[in-house]
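1. sequence below, structure please.
(chains A, B and C)
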Amino acid sequence: MNPVDVKNLTVAYEKKAVLKDINFTVPEGQLIGIIGPNGAGKSTLIKAILGLIPKAAGDVKIYDKQYRAKDRIVGYVPQRGSVDWDFPTNALDVVLMGRYGHIGWFKRPSKKDLNIAHESLKKVGMEEYADRQISQLSGGQQQRVFLARALAQDAKVYFMDEPFVGVDAATERAIIDLLNELKSQGKTVLVVHHDLQTVKDYFDHCILLNVSIITSGPTEEVFTMENLHQTYGGKLSFLDKGQMMVEQK
Amino acid sequence: MSYEAWILIIGSLAGVTCGIIGCFLILRRLSMLADAISHTVLLGIVLAFLISQSMNGMYMLIGAAVVGVLTAVFVQLLSSSGIQEDASIGVVFTFLFAIGVILITVFADNVHLDVDHALMGEIAFVPFDLVQLGFLPPLPKAFLMLSAVLITNLLIIVLFYKEFKITSFDPQMAAAIGIPVLFIHYLLMGMVSITTVASFDSVGAILVVAMLIAPGASAYLLTNKLTIMLLLSAVFGIASAVLGYYTASFLDASISGSMASVNGIIFALVFLFSPSKGLISKKFTFKKLNTES
Amino acid sequence: MSDLLMMLGDANTRWVLVGTMLLGLASGVLGSFALLRKQSLIGDAVAHAALPGICIAFLFTGEKSLIVLLIGATTTGLLAAYCIQLIVSSSIIKEDTAICLILSVFFGFGIVLLTKVQQMPSGNKSGLDAFIFGQAASLVGSDVKLMAGAAAILIIITMLLFKEFKVLTFDPEFAKGLGLPTGFLNFLFLSLLVAVVVIGIQAVGVILMAALLITPAIAARYWTNSLSKMIIISGIFGAISGVVGTLISTFGQGLPTGPFIVVTATFIFLVSMLFAPERGIIAKKIKQNIYHKQLNKAGAKEGMS
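-> Modelled structure (predicted):
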């Protein structure tokens, strides 16, 4: 049973295909990097899988079933810039929102939900900031709050959109530890990732994407110079960097 | 109850009802859409009158809610076809409002509404428009309508508080966990429409916007908690209604206009003097940082 | 038809038509820039905020001299635009809320002043309420000449600074890098916007003036991808709306002009949205269908091979 199984997925804005005929599956209980240049459709892929934007064609299955939000097996961490950080609320409250799918209509968060939220904040090392207004957190801390919220969702498959963008080294470390902990619990995590330098260290499995899938598979096998060439096309500065990385290892 | 007391009660009710719902509008960046709806309900009211041939409040509420939600739908349609949102709002509300004004002037003889009344409201007459309801003594119509709308709104907000909160803060995540974001959006727009109609008689189409937005904006600058923001906004709503009334009787000028002006003054004070987010306290901490470093 | 000819024979009506045409042209041109700069609704706020200015000017001078009223309107209009920018730049309040707040509070204050004006012995006949919905027919010759002249000047200034405004709108940072005085140009544009709103309110009214800025501009956007063409088309749409709206309202007795101008402009917009080649909804739908068919065909072929 595959956590994520995408078949012939195409997404188009008007007449331009943003994603073209995407096919891939991912193994359970691994950290999976979605890699590709700007405009490759990485975030779009996640959103299309979650049904947040319409598909032009194709089929997506999560654990062999059509994805329905109410099954609550999927956790989503959007890009940090997608929300209004001036919103009048504190860190704990944001994490508690991760429980909303479980709580259901008309009910308030219970003691148990509150405990889970506290627990999640602790796991990302943010328990002392529980009462802090979210605009008064640093970028890295905001990202950690978002992760804690995803933890509180208690899902089986996680989708994270560029969680490492604009965070400090400590947060990056904390995020990686957390991803590994999720992995050890048998969860599957798909991460949109930018930084080619760290791909080999962070991910077990890679999806190389540029509008269509270039290749996907275990990082060892697919993260090669040749595949990167194909994915990044003529973007030389990336390539040189990529070459360095590949040769180093 | 005295005439003055009724005006104060009705004004305060409008202030509370508008103030509470306004908080969500501000947080969801829907202020301009609310402004649009407050204009287009005029069309709803006129159509309700032309179709039913009566000034019954119920028909008006229905007409306004329908046209209000339609406004939101049209704006959504235009912006999803690629027009930027502010422009979509501008086109839709000016058009529907223009139709409303034309209908009023064309059917001027048999419509009991005049345009000035629709724009500015006439709270001074409101206490005389009484309705007998069951065993209750005759009560002003505006009082009954506003109370009903306030109770409805409060009930909806209490029931859907979580959903309102998360769809306001992070609509993408809300959609991903299966919360019907669009339904909540139109529910809110429906609430804005009936709130506008209920306040319409008292404060008019344009000034209801001041009552919707100003108290929430002031509250937004004073607190970091949504529940407190809602409470403060309600308090500011009442304060501006009461102070507005006394200012108006002192100046012998438009009551609803004075309420809007007091709203503006309260906001200006908060904007300057809010302890954490005010202009002056910010300048002050900035100076302190500079001298310390 | 003979009615129409008779109306056109009247010198005042001819002037009013020329005035609303030039006004439509000027607001179509400036509205295009405002749309692209995402400032359309600031025009709405400025229009509403003109009301207190008009009333203050009347209260001070006690007479209805158009030029004085327009100076008052410009002052409060600019003040409102400044307040919006101040609130957005120095607090967590977002632009839409700031616009709404300023618009309704200024208008509310305007209503307070209007009730005071109407209590004045000369105020009753002042006809200031015509400013709310616009009454082009009530314009007298000298007013119209002032309006037409001002609109013409606005159009000329915009044309002279066309390429500067273009760069500034598309990429403000780059404009700064070119050494353009962006601060001054921003202020100048805002002033032109306020000016066109102010001269328009007597014909269109404070509440609906925003439509004349927004609607022709987005209608024009459907017909072209070039800014210069968009501005010309928008100007023409604005002019047509002005003329047709004025004609309809002068046919009936006591009909306000503003609403008819708005309805005409919206009609042009709807036609553009549906039928424009390339960017219109129908043209797009057809193209999308063809594309999807191609996609499906390609998919089927791959499946077979």
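
2. I'd like to know how far the residue lying closest to C:Gln39 once chain neighbours are set aside sits from C:Val46.
-> Counting by Cβ to Cβ, 6 or more residues apart in numbering or on different chains, the nearest residue to C:Gln39 once its immediate chain neighbours are dropped is C:Leu193, at 7.1 Å. Yep, even glycine has a C-beta here, placed from its N, CA and C like the rest. C:Leu193 is 7 Å from C:Val46, where distance means Cβ to Cβ, to the nearest Å.

3. quickly list what's touching both of these two.
-> C:Ala81 (Cβ atoms under 8 Å, 6 or more residues apart in numbering or on different chains).

4. out of the two, which sits in the busier spot?
-> C:Val46 (35 against 26; other Cβ atoms under 10 Å in any protein chain shown).

5. only the C-alpha atoms, please, for stretch C:131-148, written as CSV.
-> Output in CSV follows, covering the C-alpha atoms of stretch C:131-148 (Å, rounded to 0.1, in the frame of the first residue of the first chain):
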residue,chain,number,x,y,z
PHE,C,131,-23.0,66.2,-5.4
ILE,C,132,-24.0,62.9,-3.9
PHE,C,133,-25.4,61.4,-7.1
GLY,C,134,-24.4,63.9,-9.6
GLN,C,135,-26.8,66.1,-11.6
ALA,C,136,-25.1,67.0,-14.9
ALA,C,137,-28.2,68.9,-16.1
SER,C,138,-27.8,71.4,-13.2
LEU,C,139,-24.4,72.4,-14.4
VAL,C,140,-24.3,75.9,-15.8
GLY,C,141,-22.1,77.1,-18.6
SER,C,142,-19.2,78.5,-16.6
ASP,C,143,-19.1,75.3,-14.4
VAL,C,144,-19.0,73.1,-17.5
LYS,C,145,-16.2,75.1,-19.1
LEU,C,146,-14.2,74.9,-15.9
MET,C,147,-14.8,71.1,-15.8
ALA,C,148,-13.9,70.6,-19.4
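
6. give me the contacts around it.
-> So stretch C:131-148 is contacted by B:101, B:115, B:119, C:11-12, C:15-16, C:18-20, C:22-23, C:50-51, C:54, C:66-67, C:70, C:127, C:130, C:199, C:201-209, C:246, C:249-250, C:256-259, C:261 (Cβ under 8 Å, 6+ apart).

7. list the buried ones in that stretch?
-> Judged by neighbour count using 16 or more other Cβ atoms under 10 Å in any protein chain shown, the buried positions of stretch C:131-148 are C:131-137, C:139, C:143-144, C:146-148.

8. and if you look at stretch B:93-110?
-> B:93-105.

9. all helices of chain B, in order?
-> Read by DSSP state H, chain B holds these helices, from start to end of the chain: B:3-27, B:31-52, B:57-80, B:85-106, B:115-120, B:141-159, B:161-169, B:171-176, B:181-203, B:207-220, B:226-251, B:255-273, B:279-292.

10. chain C versus the residue lying closest to A:His205 once chain neighbours are set aside, what's the distance?
-> Distance criterion Cβ to Cβ, 6+ apart; nearest residue to A:His205, sequence neighbours excluded, is A:Ile32 at 4.4 Å. Distance from A:Ile32 to chain C, counting by Cβ to the nearest Cβ, to the nearest Å: 25 Å.

11. quick one: residues contacting A:Ile32.
-> By Cβ under 8 Å, 6+ apart, the contact list for A:Ile32 reads A:Val26, A:Thr188, A:Val189, A:Leu190, A:Val191, A:Phe203, A:Asp204, A:His205, A:Cys206, A:Ile207.

12. so it belongs to a helix, correct?
-> No - secondary structure of A:Ile32 (DSSP: H, G, I helix; E, B strand; the rest coil): strand, not part of a helix.

13. residues contacting the residue nearest to B:Gly44 when sequence neighbours are not counted?
-> Spatial nearest neighbour of B:Gly44, excluding adjacent residues (Cβ to Cβ, 6+ apart): B:Val67 at 3.3 Å. For B:Val67, the contacting residues are B:Thr40, B:Val41, B:Leu43, B:Gly44, B:Leu47, B:Leu96, B:Ser193, by Cβ under 8 Å, 6+ apart.
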